[in-house]
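[1] I'd like to go over a predicted model; first the sequence, then the structure.
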Amino acid sequence: QVQLVESGGGLVQPGGSLTLSCAAFGVTFSWYAMSWYQQAPGKGRELVARISGSGSQTNYADSVKGRFTISRDNAKNTVFLQMNSLKPDDTAVYYCNAVRILTRDTYWGQGTQVTVSS
C-alpha cells in the first residue's frame, strides 16, 4: 500500500525558511515523479514544484522561482521542499504528490500546514 507522509510544516515569520519532507512507503521511489502542491484557504490546489524520478529535471510555479527548491533522495524515498524568503501569501496546506511515470497512478499525502505570519 502506497503511503506519503509529510512533515516540517509550522509557523514562520515573513522572510523566514522552512523545509518540508515527504517520505514515501510502498513504492519503488525512482519510478515516481514527485510534486508539492499548495492549497490556500478558499482556493484550489496549485502546483508549487515538481521533480523527475531521477531528480535531473525540476519545474516551479512562477510565484516560488528563486525562493523554493525541490530535491529528492531516492536512497531514502524522500522528497524535500526548501522554502526561503517566505511570504504571507505562501500560507497554505502543502501536499506531497506522487505520479508513477509509466502508468500515471497518483497518490497524495495528508498535507502539512505552513503559516507565514508575524
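    That came through, no problem.

[2] So the spatially most central residue of the chain: helix, strand or coil?
    The centre of the chain sits closest to residue 36, judged by C-alpha atoms, centre = their mean, with a distance of 2.7 Å. Using DSSP: H, G, I helix; E, B strand; the rest coil, the structure places residue 36 in strand.

[3] pretty sure it is touching residue 93, no?
    No - counting by C-beta atoms under 8 Å, residue 36 does not reach residue 93; the two are 11.0 Å apart. For every residue, glycine as well, the C-beta is placed using N, CA and C.

[4] Which residue ranges of this structure form strands?
    Along the chain, the stretches classed as strands by DSSP state E are 3-7, 10-12, 18-25, 32-39, 46-51, 58-60, 68-73, 78-83, 92-100, 106-108, 112-116.

[5] Pull up the pairing partners for the first one, direction included.
    In other words, strand 3-7. Using DSSP bridges, strand 3-7 pairs in its sheet with strand 18-25 (antiparallel).

[6] Now do the partner strand: everything it contacts.
    1-10, 12, 32, 34, 36, 76-83, 86, 94, 96, 98, 109, 112, 114 (C-beta atoms under 8 Å, 6 or more residues apart in numbering).

[7] list the contacts for residue 16?
    Contacts of residue 16 by C-beta under 8 Å, 6+ apart are 86, 116.

[8] what's near enough to touch the residue lying farthest from the centre of the chain?
    Taking C-alpha atoms, centre = their mean, the residue of the chain most remote from its mean C-alpha position is residue 118, at 23.3 Å. The neighbourhood of residue 118, defined by C-beta under 8 Å, 6+ apart, consists of 13-14.

[9] Would you check how far apart it and residue 59 are?
    Residue 118 is 31 Å from residue 59, where distance means C-beta to C-beta, to the nearest Å.

[10] Next: residue 115.
    Distance, residue 115 to residue 59, using C-beta to C-beta: 25 Å.

[11] again, but for residue 16
    Distance of residue 16 to residue 59, given as C-beta to C-beta: 24 Å.

[12] what's the answer for residue 89, then?
    Applying C-beta to C-beta to residue 89 and residue 59 gives a distance of 20 Å.

[13] More neighbours: these two, which one.
    residue 59 (14 against 11; other C-beta atoms under 10 Å).

[14] Alright, calling it a day.
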